[in-house]
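K.L.:
Below are the sequence and a predicted model for it; my questions follow.
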Amino acid sequence: MTTETRPSGPADPADHAAALAARAALLADPGPVGRPRREALAKLTDDWLAGLLAAAGAPPGVALVAVGGYGRGELSPRSDLDVLLLHDGPISPELPERIWYPVWDAGAKLDHSVRTVTEARAVAAADLKAQLGLLDARHLAGDPALTAELRSAVFTDWRANAPVRLPELRELGRERAERHGELSFLLEPDLKEARGGLRDVVALNAVAASWLADAPRDGLDAAAIRLADVRDALHLVTGRATERLSLQDQDQVAERLGVLDADTLLRQAYEAARTIAYASDVTWRAVDRVLAARAGRGRRAVRRAFPFTGQFTAPFTGAGRGAGAVARGDVERRPLAEGVVEQDGEAVLAQGARPAADPVLPLRAAAAAAQNGLTVSYATVRRLAAECRPLPVPWPDEAREQLVTLLGAGEAAVPVWEAFEAEGLVTRLLPDWERVRCRPQRNAVHRWTVDRHLVETAVRAAAMTRRVARPDLLLVAALLHDIGKGWPGDHSEAGEVIVRDLAARMGFGPEDTETLAVLVRQHLTLVDTATRRDPDDPATVEAITKAVTTLPELELLHALTEADALATGPAAWSSWRASLVDGLVARAADRLAGAAAAPVEAAPTAEQERLAVEAARTGEPALSLRAQAEGAGQGTEPMGVELNLAVPDRPGLLGAAAGVLALHRLTVRSAGLRGLDPVGAGPVLLLSWRVAAEFGELPEAARLRADLRRALDGSLDVARRLAERDAAAPRRKGIPTPPPLVSVAPAVASATATVLEVRAHDAPGLLHRIGRALDGAGVRVRTAHVSTLGADAVDSFYLTDEAGRPLAAQRAGEVAAAVRAALG
């Protein structure tokens, strides 16, 4: 179609005054906007145009058809009139002019064309936008059979060519999103063209018309109506056919809609846009699956038609797909976590999952999906929202760890978070989230709403987890640092109060809760002080050391400051600001040096002493397993076990023990190693572990003991068995993660040992690889402190040489390099 201005020349007289007057009266009516008004405007326009066709003396075989937005039966006050004059044979050139001229005389914008059904189909085949408009074709006047013929032909063509047209339609949407941005984050959004806008609703309807997939309909119609209402009010307030909700118009639009203020207006528009955008994401994933399945069936059909290709190929069965992979027909389900599997590129619930009895399942599914670079399927999120009970308060340890694991996935966490937010699961976990959800930030520096800024800060922080000793606290502080926005007063002060409550709700201990409160309260302190105070003034450094009193807190605040600024927008962070903050942090670190206390090792328990005595007397491994119950909620299951292992000291012990646990698919959440000499019969190494089963049930203690004995006497080659398993069942590549950091701590960290610090992304067999590297380097591990915080391992190993002395500097560097090489 082409949009034209009115050509010169008189219009033939037509008896359309009454319909035209009624239409003008409705446009001038200050009454409420909404769907009834749009439908009434469309009806009056229908009557007017039908009268024009009749007055023009149209012959048989002619029909007037509304297409595009007008075809959908709703007209905004300043909408174009998209009209097609359809004919099945020659017509007089004057006929269209008798219709178009009165429309132009009335001041309406007209998007018009004159075509046969064959011509309309040809144009649609060449122009996707024209085809989309014809999908909404609606008969106005003239020959209804001709309109029906057009509709039938257009829909037949659309469905026949859907495998080609739908990818083109998706690409159009991507191009629009790049040009116009995301409606739900813009201070001046384009209600029609931005992602999540009205144009996306048209695309979803086109997908539904293809019969290949349909959008989630819950809330979609209401969201589209809300945006259309805002658009109507905008047209009436400005008197123009504009789609951009400019700042200067927002107060008047809000008033016209009866909304409290401009912020409330934007929040409502943002919520509607998120509903539409999420429905689009779900729908296009469904389209991808359908098209991929069709392509797969096509390839299989070719193989069946031409089975002989010069070589014999055995039929592919489920064998060899990897441990735990289950093939059902053409569908493969690969385990991701307890109760969660991968299917068709999405995370779904396993067949044996029990959402009603497993309140941690939503967070476990979210973390598993994000860490594997997947989304959670729409049906799964809906089921989790419907069936899962709220988490007990305080949360079980696993719930907190799964939240940290989700946040640690970085960019991959965003679509998972959006899906959970769409179904209300985020506010169920964090009730205070509702106040910041979709809250606009009327500051040109900020590019996101408050809630999305918090998520984006966590994304940025995920790339900085190697810089801190407590990545879990960094990620949670990043997620909550602006949680006080929307409350009266200073949002940092309000946020401190809220985060104390949330931290207790999540099950953080008093010390960690205090650290989180300090980070939220002081999250602007570093950048404000660095850019506004004299760096050479001793009072400047003193202000920082009063705000944060330990080196670990300082490194957390440093990382949080940078993540917050990077997530705010390009104007909030620069090399100049970074250098000022870095310099201030270095001065404060010098002031705080020496304040950090070495970890105090708890005395061995009676159970640990008993095992050490048994191991010393028998010369064999002694171990015990004790289920670790957690959470106060009814129906909460044990997260894992505490495993205590005592073994007469020998080389290779740490690597062998960790390898056996990895063979049994036990994930290490924390571990400690130290030496004891309980009966004077020789040193015994005591390893205390907190472990959890990766999938399914925990192994029996007798099996663990037997495999450990075999690993120590050399009859079980743990490294080879792990390599064989990984080759037979390669794990999903997953998401990009920060590289591991292996460093030698300053000598002040210990006077009797060299402290090797390892920070890495947790993975099966990680501790086994570290242990083997240390064993291969010929050093002794005197003690070790191992922690898995979400998806990050933070480990410290106290190393000595064979004589029990700290390592020389060169030797320590060589050991660090060996561990670094083992971690890849």
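P.N.:
Done, it's in.

K.L.:
C-alpha from now on. contacts and neighbour counts both.
P.N.:
Noted.

K.L.:
Contacts made by whichever strand or helix holds residue 552 with the rest, please.
P.N.:
Assigned by DSSP states H and E, residue 552 falls within helix 551-568. With Cα atoms under 8 Å, 6 or more residues apart in numbering as the contact definition, helix 551-568 has outside contacts at 445-448, 453, 456-458, 460-461, 464, 467-470, 473-474, 477-478, 515, 519, 522-524, 526-527, 548, 572-573, 578, 581, 585, 589, 592-593, 595-596.

K.L.:
Among those, which are located in helices?
P.N.:
If you go by DSSP state H, the contacts of helix 551-568 have 453, 456-458, 460-461, 473-474, 477-478, 515, 519, 526-527, 578, 581, 585, 589, 592 in helices.

K.L.:
who touches the residue nearest to residue 674 when sequence neighbours are not counted in this structure?
P.N.:
Leaving aside its sequence neighbours, residue 674 sits nearest to residue 783 (Cα to Cα, 6 or more residues apart in numbering; 4.5 Å). Residues in contact with residue 783 (Cα under 8 Å, 6+ apart) are 672, 673, 674, 675, 797, 798, 799.

K.L.:
what does residue 804 give?
P.N.:
753, 780.

K.L.:
so it, which of the three states?
P.N.:
coil (DSSP: H, G, I helix; E, B strand; the rest coil).

K.L.:
Could you check how far the closest residue to residue 519 other than its chain neighbours is from residue 646?
P.N.:
Take residue 519 and drop its neighbours on the chain: the residue closest to it by Cα to Cα, 6+ apart is residue 557, 6.0 Å away. Taking Cα to Cα, to the nearest Å as the measure, residue 557 and residue 646 are separated by 40 Å.

K.L.:
Residue 419 too?
P.N.:
On the measure of Cα to Cα, residue 419 and residue 646 end up 46 Å apart.

K.L.:
Pick out whichever of the two has more residues nearby.
P.N.:
Neighbours per residue (other Cα atoms under 10 Å) separate residue 419 from residue 646, with residue 646 holding more: 29 against 25.

K.L.:
Can you name the residues bridging to the more buried one?
P.N.:
residue 622, residue 686 (DSSP bridges).

K.L.:
ok, it - contacts?
P.N.:
Contacts of residue 646 (Cα under 8 Å, 6+ apart): 608, 611, 612, 615, 621, 622, 623, 684, 685, 686, 687.

K.L.:
Which of those ranks first by neighbour count?
P.N.:
Most neighbours among the contacts of residue 646, by other Cα under 10 Å: residue 612, with 29 neighbours.

K.L.:
pLDDT at it, what is it?
P.N.:
At residue 612, the model reports a pLDDT of 87.

K.L.:
Give me the nearest residue to it, chain neighbours excluded.
P.N.:
residue 646 (5.2 Å).

K.L.:
ok, the one you found to residue 169 distance?
P.N.:
For residue 646 relative to residue 169 (Cα to Cα), the value is 64 Å.

K.L.:
that's a helix at residue 689, yeah?
P.N.:
No. When classified by three-state DSSP, residue 689 is found to be strand rather than part of a helix.

K.L.:
so who does the spatially closest residue to it that is not a sequence neighbour touch?
P.N.:
Nearest residue to residue 689, sequence neighbours excluded (Cα to Cα, 6+ apart): residue 671, at 4.3 Å. Going by Cα under 8 Å, 6+ apart, residue 671 touches 687, 688, 689, 690, 784, 785, 786, 787.

K.L.:
how near is residue 671 to residue 357?
P.N.:
Relative to residue 357, residue 671 is positioned 29 Å away (Cα to Cα).

K.L.:
now residue 404
P.N.:
Distance of residue 404 to residue 357, given as Cα to Cα: 22 Å.

K.L.:
Which one's more surrounded, the two?
P.N.:
Neighbour totals were compared for residue 404 and residue 357, and residue 404 leads with 25 against 15 (other Cα under 10 Å).

K.L.:
Check this structure for its longest helix and report it.
P.N.:
Max-length helix for the chain by DSSP H is helix 262-305.

K.L.:
Run the chain-centre distance for that one.
P.N.:
Centroid displacement of helix 262-305 relative to its chain, using Cα atoms, centre = their mean, to the nearest Å, is 16 Å.

K.L.:
again, but for stretch 644-658
P.N.:
Centroid displacement of stretch 644-658 relative to its chain, using Cα atoms, centre = their mean, is 40 Å.

K.L.:
Could you report the separation of the closest residue to residue 215 other than its chain neighbours from residue 393?
P.N.:
If the residues on either side of it in the chain are set aside, residue 215 comes closest to residue 283, at 5.1 Å by Cα to Cα, 6+ apart. Distance, residue 283 to residue 393, by Cα to Cα: 36 Å.

K.L.:
Please say which of these two ends up with more neighbours.
P.N.:
Ranked by neighbour count (other Cα under 10 Å), residue 283 and residue 393 place residue 283 first, with 21 against 13.

K.L.:
could you dump the contacts of residue 783 to JSON lines with secondary structure, pLDDT and neighbour count?
P.N.:
Below are the contacts of residue 783 laid out as JSON lines (DSSP: H, G, I helix; E, B strand; the rest coil; pLDDT from 0 to 100; neighbours: other Cα atoms under 10 Å):
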{"residue": "672", "secondary structure": "strand", "pLDDT": "86", "neighbour count": "19"}
{"residue": "673", "secondary structure": "strand", "pLDDT": "87", "neighbour count": "20"}
{"residue": "674", "secondary structure": "strand", "pLDDT": "85", "neighbour count": "18"}
{"residue": "675", "secondary structure": "strand", "pLDDT": "83", "neighbour count": "18"}
{"residue": "797", "secondary structure": "strand", "pLDDT": "92", "neighbour count": "24"}
{"residue": "798", "secondary structure": "strand", "pLDDT": "92", "neighbour count": "22"}
{"residue": "799", "secondary structure": "strand", "pLDDT": "93", "neighbour count": "24"}
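
K.L.:
Just give me the closest of these to residue 641.
P.N.:
Checking those against residue 641 by Cα to Cα gives residue 672 as the nearest, at 14.4 Å.

K.L.:
That closest one pairs with what?
P.N.:
Here residue 672, judged by DSSP bridges, has bridge partners residue 688, residue 785.

K.L.:
Can you report how many residues neighbour the residue nearest to residue 437 when sequence neighbours are not counted?
P.N.:
Once flanking residues are discounted, residue 437 sits nearest to residue 451: 5.1 Å by Cα to Cα, 6+ apart. When neighbours are counted by other Cα under 10 Å, residue 451 registers 22.
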